[in-house]
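**Student:** Would you be able to build a 3D model of this:
(one chain, ligands or ions: 1)
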Amino acid sequence: MNLSGAMRARLDGVSDVWRGDHPWASFYDFMVEHERVGRALWKAGGGTDIGLLYEAADEIAHLAPGASVLDVPCGGGVALRGLQPGQDVRFVAADISPAMLERTAANAARRGLDQVECVEADVEHLPFADDAFDLAVSFTGLHCFPRPEAAIAELARVLKPGGVLTGSALMNDTGVQYAPMRVLGRAGGLLGPSGTRAELTHWLATAGFADAQIRTSGALAYFRGSLTPTDSSVHE
Ligand SMILES: C[S@@+](CC[C@H](N)C(=O)[O-])C[C@H]1O[C@@H](n2cnc3c(N)ncnc32)[C@H](O)[C@@H]1O
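**Tutor:** Alright, predicted model coming up:
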């Protein structure tokens, strides 16, 4: 993308806007938590099926006992709908926004999910060891980050070899009809640069997700891939 200095600064500052709990954050969270409202607004605004988000979160319900999951950015905790009360998994919900983390904590309490740990973190500098998680979920997040490729690389670092990354993002090449949404989102300081689906494929492959699949739904792309074990991890 060819950017003016002012626009580059705005895109670089996108996480600071989210950290400050912009009014859009609570509206967004209301939308994804209220399925009927969310379905209608996502279809009307982004031509997209919000059901795919809920389905992707369901992967959490099928994890083996003892598995560990990282949800970043967790927002208000939409991915919690995949987690069952008493399910034997470590579930870490991370976000740069303290207000979003409070929403996730309240959501977890409402759902009786006492295995949820909330951690304030920047996706580019996650406070977790290498190889810590079996599954990372990152829904509607990459387009809110200043450097989506750096976020994917950091998610790969904290995943175990063979670990899975699944998520979704608003992409730049999913249709001109979504251009106003992207322009307004960036002007409002809520969207980062994102990229095209080819760029997303490249970022995922570079980070080690060689088998990543991308599915488009309106303005959004859903992606899922597993971290190819490196030679050293295979032979250890
Ligand atoms: C559109 S919301 C999506 C949240 C949630 N995954 C969902 O689908 O409802 C984007 C989230 O990204 C978070 N965020 C923005 N920049 C971040 C960063 N650098 N590190 C971690 N979280 C960030 C925001 O605070 C916000 O909660």
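
**Student:** In this structure, what residue comes closest to the ligand?
**Tutor:** Nearest to the ligand in the chain, going by CB to the nearest ligand atom, is G75, at a distance of 2.4 Å. In short, each C-beta sits where N, CA and C put it, glycine included.

**Student:** where's D16, which helix or strand?
**Tutor:** helix 14-19 (DSSP states H and E).

**Student:** For that helix, what does the pLDDT average out to?
**Tutor:** Mean per-residue pLDDT for helix 14-19: 94.

**Student:** Would you mind listing the buried residues in it?
**Tutor:** Buried residues in helix 14-19, counting neighbours by 16 or more other CB atoms under 10 Å, are found at 14-15, 17-19.

**Student:** next one: stretch 38-48
**Tutor:** Buried-residue list, stretch 38-48, by 16+ other CB under 10 Å: 38-39, 41-42, 46-48.

**Student:** now for the residues you listed, which pair is the farthest apart?
**Tutor:** G38 and G47 (13.9 Å; CB to CB).

**Student:** can you list the residues of the protein near the ligand?
**Tutor:** Counting by CB under 6 Å from any ligand atom, the positions of the chain adjacent to the ligand are 15, 18, 28, 32, 72-75, 78, 95-97, 100, 122-123, 139-141, 144-145.

**Student:** Identify those among those residues that sit within strands.
**Tutor:** In strands, defined here by DSSP state E, the members of these are D95.

**Student:** Could you list which of the residues of the chain next to the ligand belong to helices?
**Tutor:** Residues from these lying in helices, with DSSP state H as the criterion: 15, 18, 28, 32, 100.

**Student:** Report how many residues lie close to the nearest residue in space to the residue of the chain closest to the ligand that is not next to it in sequence.
**Tutor:** Nearest residue to G75, sequence neighbours excluded (CB to CB, 6 or more residues apart in numbering): M100, at 5.2 Å. Neighbourhood size, M100 [other CB atoms under 10 Å]: 26.

**Student:** I'd say M100 and D21 touch.
**Tutor:** Yes - contact criterion CB atoms under 8 Å: M100 and D21 qualify, at 7.4 Å.

**Student:** Distance from the chain centre to stretch 5-16, please.
**Tutor:** 19 Å (CA atoms, centre = their mean, to the nearest Å).

**Student:** List phi and psi for L165.
**Tutor:** Here is the backbone geometry of L165 (degrees, to the nearest 10): phi -110, psi 130.

**Student:** hmm, which two among the ones in helices among the residues of the chain next to the ligand are most spread apart?
**Tutor:** Going by CB to CB, the pair spanning these furthest: S15 and V32, at 19.3 Å.
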